[in-house]
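A.B. asks: Quick one: sequence plus predicted model below, questions after.
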Amino acid sequence: MKGHEPRSSSSCAACKLLKRRCTSKCIFAPYFCSDEPMKFAKVHKVFGASNVSKILTGVPEEQREDAVNSLAYEAEARLRDPVYGCIGAIASLQRRMVELQRDLAIARACLARYAATSSSSLISSSFSSSSLIWDDHVIMAPFPDVPACNGLSNSFNLDSSGLSQYGPVNDFGHGPYVL
Amino acid sequence: MISGRCAACKYLRRRCPSDCIFSPYFSPSDPRRFACVHRIYGASNVGKMLQQLPPHLRAQAADTLCFEAQCRMQDPVYGCVGLISQLHEEIHMAESQLAKIQAEITFLNCTAPEAQGLQIIEANSNLNSLLPEQITTVGLYPQ
């Protein structure tokens, strides 16, 4: 008699799409519910079921849900923008970061200049010396560099046309999820 | 000809035709590039994705696929999505810091004696409109 794995009560979205029997040990079942067929469909289209299975197998079980969600996010991005995928969003966010660093530098410089100019003047007693702006560390410390993806937009020659799918952080204005 | 095979066809151990979809983007001098992409996406999916794009966009697509594949291999759980989340966090921190400093500037603007003649930047003004020579930099501009 052939050995058969016990069949799960209902097929997961992956097994439904792949038209196969969904067993109790199906690696996809906990993460691709049958009521979210598009989630697996997109992941399968970009990565392939076999590759997704290998990725999940190589990840500790407690981190598989995060892995699935990030794969779904990447797949969605790639399907929306077949040329740049997630890179478009990264480049857009990096550009925003550069703008903010510039604005912070300008603001800090303004405060530093004001402090230097008014240092000999009487300072209003209502202005607390414990204010954040008098903390040299805050004024002078540069903002930490964005790791690993400096100049991404230059590397991929991304211009505004490449970001048409995303706009200036609009479509990815909120993080995918809290890590 | 076997000696002219691209990295993809070498990896897949097949003949490299003259119209191979991979050969312009996966040079035999960098075999790891295709190996990485193949491991994450599979040759078939990569071929389909490139095939669906106009030829002038395929190079960019291949590059971004390689980058994402490398991110995924380095971080199998989050891949390049980890970078996105990290950037969101850093942007949020920078915006908070900027808001705080702008609030301080507003306060100083309200309390600064006009006789000093110092041009204080209003918090609501567009800082980007300032010319670099209008302010004293302290070497904080990003490189």
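C.D. replies: On my side now, so go ahead.
A.B. asks: per-residue confidence for residue A:163?
C.D. replies: Residue A:163 is assigned 39 on the pLDDT scale.
A.B. asks: What's the separation between residue B:38 and residue B:14?
C.D. replies: Distance, residue B:38 to residue B:14, by C-beta to C-beta, to the nearest Å: 13 Å. Where C-beta positions appear, they are placed from N, C-alpha and C, glycine not excepted.
A.B. asks: the more surrounded of those two?
C.D. replies: residue B:38 (21 against 12; other C-beta atoms under 10 Å in any protein chain shown).
A.B. asks: quick one: the more buried one is in a strand?
C.D. replies: No - counting by DSSP: H, G, I helix; E, B strand; the rest coil, residue B:38 is not part of a strand but helix.
A.B. asks: if I pick it, what's in contact with it?
C.D. replies: For residue B:38, the contacting residues are B:8, B:11, B:46, by C-beta atoms under 8 Å, 6 or more residues apart in numbering or on different chains.
A.B. asks: Mind checking which of those residues are in helices?
C.D. replies: B:8, B:11, B:46 (DSSP state H).
A.B. asks: closest to chain A among those?
C.D. replies: Among the ones in helices among the contacts of residue B:38, residue B:46 lies closest to chain A (C-beta to the nearest C-beta), at 10.0 Å.
A.B. asks: tell me how far the lowest-mean-pLDDT helix or strand in chain B is from the chain's mean position?
C.D. replies: None of the helices or strands of chain B scores lower by mean pLDDT, DSSP states H and E than helix B:81-111, at a mean of 93. Helix B:81-111 sits 21 Å away from the centroid of its parent chain (C-alpha atoms, centre = their mean, to the nearest Å).
A.B. asks: and residue A:15, how many neighbours?
C.D. replies: 21.
A.B. asks: no wait, residue B:102
C.D. replies: Residue B:102: 21 neighbours (other C-beta under 10 Å).
A.B. asks: With residue A:25 instead?
C.D. replies: Using other C-beta under 10 Å: residue A:25 sits among 9 other residues.
A.B. asks: so it is in which element?
C.D. replies: Residue A:25 belongs to no helix or strand when assigned by DSSP states H and E.
A.B. asks: Return the member of the ones in helices among the contacts of residue B:38 nearest to residue A:92.
C.D. replies: Within the ones in helices among the contacts of residue B:38, proximity to residue A:92 (C-beta to C-beta) peaks at residue B:46, which comes in at 24.4 Å.
A.B. asks: biggest helix in chain A, by residue count?
C.D. replies: Chain A, longest helix under DSSP H: helix A:86-118.
A.B. asks: Tell me the helices and strands packed up against that one.
C.D. replies: Packing contacts for helix A:86-118, counted by 3 or more C-beta pairs under 8 Å, 6 or more residues apart in numbering or on different chains; DSSP states H and E, involve helix A:64-80, helix A:136-140, helix A:152-155, helix B:55-74, helix B:81-111.
A.B. asks: can you list the weak-confidence ranges in chain B?
C.D. replies: Scanning chain B for pLDDT under 70 picks out B:1-3, B:112-143.
A.B. asks: Residue ranges of each domain in chain B, please.
C.D. replies: B:7-74, B:78-109 (the TED database).
A.B. asks: End to end on the first one, go ahead and measure it.
C.D. replies: Across its full length, domain B:7-74 reaches 21 Å between end residues, using C-alpha to C-alpha, to the nearest Å.
A.B. asks: what about residue A:82, how many neighbours?
C.D. replies: Counted with other C-beta under 10 Å, residue A:82 comes out at 18.
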